[in-house]
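Trainee: output the structure for:
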Amino acid sequence: MRNDKVKYNVEDILINDHLVEELIGDEKGNKGGRNDRSFSLAGLIYRALIGNKNWFKPKQKQQLGDKIQHSIVAYRRKLIISRFTAAASFLIFVSVSYLYLSNQDSAVRSYAENWEMVPVNGNTQLILSNDETIAIDSKESEIGYSETGNVIDIDDSGKVNQDIDSQKPAMNTVVVPFGKRTHVTLSDNSSVWLNSGSRLVFPARFDKGKREVYLEGEGMFEVSHDKGHPFHVLTKDLEVEVLGTVFNVSAYRDDKETSAVLVEGSVELSYQGTSFVGKSEEKMIPGYLASYNPLNSSLNQKAVNTDLYTSWRKGYLIFEREPLPEIVRKVSRYYNVDIQLADPELEKETFSGNLDLGNSAPELLQIVAEIVSARIEQQGNQIIMSRI
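Mentor: The predicted structure is shown next:
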């Protein structure tokens, strides 16, 4: 239904297809014309340019047409600028809000992201809040914190004391080199098993509010239940929130995706999704793997055998039809050795079975080689696998 109460200017009428149709209808003598000054003027102009009557000479028509076109373009430009200004204002609001929220970030994340992890060889490192570094030479070390966080037990014999300032969190860091693993018992009695090539940043003592740690690499968590103080595992791309549960998080820098596997309990994942404002959240149930891809900001979940992702904590790896390049990547990371597949055809092979991490890298790879009809050759710190 037409609304005759709406007032239009000439430019509105001439650039609106429906209103132009009304002008054409009036010109043909159809009923229902508008008694409106703008419509009368627009009709006059339209008939002068389009109609059959020679009210203007061709040159005058062209000049008038150019002026009208300029007016229409200017009007459209005005509309675009108006809409752009509104959109820009919204973007500024969102940007300011995002920066504000970013500035409210956790102390753990701020500390961790301002401290670049340098890959280390040799000893596991425990870095205290005063920057004192303690080297731990055992292949599988144990680090345990007292409830107050100022006493640290290392393996069976070592004991370290650190001063804790009650006014600010005392950040500690554990850096695990490739080829080693570490079990950390935090001050709240939560356990973290850190795989090779990992870094964990955490407060020596959890104060009031939520418990937060920052992980780069891979860690399996067994969190002590505390409903009033949820536990958060922060990574570069993904945040895992739990109350009390068992789960594994893999967030290596050179991996394309960050993943979490839930063994028992429940967790909520927070990540930068496709939403324009704020972060997306998604819950997990036991027996599922969640993989986050930062390139397209997507999170996918699927049911899995959780043992495939957590068995490293017990000293062995389990594979089910795993592509050989993935096996090589994991073994290379764990043993800190360079493994090369000399034959491109080997990249198409898969392997299923258990591999004991108590064996050396050549011994472990020899088992794989026998299954896929290959041979291995060690040259210094490099192992080459080729077809027989």
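Trainee: confirm that Ala112 sits in a strand.
Mentor: No. With the criterion set as DSSP: H, G, I helix; E, B strand; the rest coil, the secondary structure at Ala112 is helix rather than a strand.
Trainee: let me know the pLDDT of it.
Mentor: Reading off the confidence values, Ala112 has pLDDT 87.
Trainee: measure Ile152 to Ser224 for me?
Mentor: Summarising the geometry, the distance separating Ile152 from Ser224, computed by CB to CB, to the nearest Å, is 18 Å. Quick note: C-beta positions are derived from backbone N, CA and C, even for glycine.
Trainee: so the two - more neighbours on which side?
Mentor: A count of neighbours by other CB atoms under 10 Å puts Ile152 above the other of Ile152 and Ser224, at 22 against 15.
Trainee: break this structure into its domains for me.
Mentor: The chain breaks down into these domains under automatic domain parsing: 1-104, 119-307, 316-387.
Trainee: just how off-centre is stretch 166-183 within its chain?
Mentor: Taking CA atoms, centre = their mean, to the nearest Å, the mean C-alpha location of stretch 166-183 is offset from the chain mean by 23 Å.
Trainee: output that stretch as CSV, restricted to C-alpha atoms.
Mentor: Taking only C-alpha atoms (Å, rounded to 0.1, in the frame of the first residue of the first chain), the coordinates of stretch 166-183 have been written out as CSV:
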residue,chain,number,x,y,z
SER,A,166,51.4,-10.8,49.7
GLN,A,167,50.7,-7.7,47.6
LYS,A,168,51.4,-9.2,44.2
PRO,A,169,51.4,-12.7,42.6
ALA,A,170,54.8,-14.5,42.5
MET,A,171,55.0,-15.8,39.0
ASN,A,172,57.0,-19.0,38.5
THR,A,173,57.9,-20.7,35.2
VAL,A,174,58.8,-24.3,34.3
VAL,A,175,60.5,-24.8,30.9
VAL,A,176,60.8,-28.4,29.7
PRO,A,177,63.3,-29.1,26.9
PHE,A,178,62.7,-31.6,24.1
GLY,A,179,63.4,-35.1,25.3
LYS,A,180,62.2,-34.6,28.9
ARG,A,181,59.0,-34.5,30.9
THR,A,182,58.0,-32.9,34.2
HIS,A,183,55.3,-33.4,36.8
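Trainee: for it, buried residues please.
Mentor: Within stretch 166-183, the residues scored as buried using 16 or more other CB atoms under 10 Å are 169-182.
Trainee: show me the two of those that sit farthest apart.
Mentor: The distance between the two most remote of those (CB to CB) is 30.9 Å, for Pro169 and Gly179.
Trainee: now the domains of the chain in JSON lines, please, with extra columns for distance to Glu113 and mean pLDDT.
Mentor: Putting the domains of the chain into JSON lines (distance: least, CB to CB, whole Å; pLDDT from 0 to 100) gives the following:
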{"stretch": "domain 1-104", "distance to Glu113": "11", "mean pLDDT": "58"}
{"stretch": "domain 119-307", "distance to Glu113": "8", "mean pLDDT": "91"}
{"stretch": "domain 316-387", "distance to Glu113": "22", "mean pLDDT": "93"}
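Trainee: which of those domains sits most buried?
Mentor: domain 119-307 (a mean of 17; mean count of other CB atoms under 10 Å).
Trainee: what is the strand or helix carrying Gln125 packed up against?
Mentor: In this structure, Gln125 sits in strand 124-127 according to DSSP states H and E. Judged by 3 or more CB pairs under 8 Å, 6 or more residues apart in numbering; DSSP states H and E, the packing partners of strand 124-127 are strand 133-136, strand 171-176.
Trainee: strand partners of it, parallel vs antiparallel please.
Mentor: Pairing partners of strand 124-127, with direction, according to DSSP bridges: strand 133-136 (antiparallel), strand 171-176 (antiparallel).
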